[in-house]
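# just need the structure, nothing else, for what follows:
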Amino acid sequence: MNNKTLSILSYVTIIGWIIAFVKSKDVSPKSDLVTYHLKQGFGIFLFSLVVNILLSVIVTIVPSLYFLSYIGYVIFILWIFGIINAANEQKKPIPVIGQMFEDKFSFVN
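Numbers count the residues shown, from 1 in each chain. Reported below is the predicted structural model:
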């Protein structure tokens, strides 16, 4: 797989991220692009997991706050931005939350 494919795959569910992570270890010259998008993809996965768990608890306790579930659509749109950046082979962070993940997840290096 080439670097562009691995970068895009790093956003496609956690299984796609694992495949991209394992395949990126096989590439002899380490690609900064793939490493960057692996960090961004893992970050948005963890962010969406935490937000969904919190929203489930909040809406269960206070059902009148059901409108907060629309935050999931915002996360979906941010995920699309990540895929577009990977497809264009750009190292741009995901809007709003992407800069939090740039220097995290050192195990990806």
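
# which residue ranges of the protein form helices?
Ranges of helices within the chain are 3-9, 13-26, 32-61, 71-87, based on DSSP state H.

# name the stretch among those that sits most buried.
helix 3-9 (a mean of 21; mean count of other CB atoms under 10 Å). Every residue, glycine included, has its C-beta placed from N, CA and C.

# what is the rounded mean pLDDT of it?
On average, the pLDDT along helix 3-9 is 89.

# name the residues that touch it?
1, 16-17, 19-20, 23-24, 27, 31, 33-34, 36-37, 83, 86-87, 89 (CB atoms under 8 Å, 6 or more residues apart in numbering).

# how far is it from where the chain is centred?
Distance of helix 3-9 from the chain centroid (CA atoms, centre = their mean, to the nearest Å) equals 13 Å.

# for the helices of the chain, give me a markdown table that also has distance to Val96.
Shown next, in a markdown table, are the helices of the chain (distance: least, CB to CB, whole Å):
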| stretch | distance to Val96 |
| --- | --- |
| helix 3-9 | 20 |
| helix 13-26 | 20 |
| helix 32-61 | 10 |
| helix 71-87 | 7 |
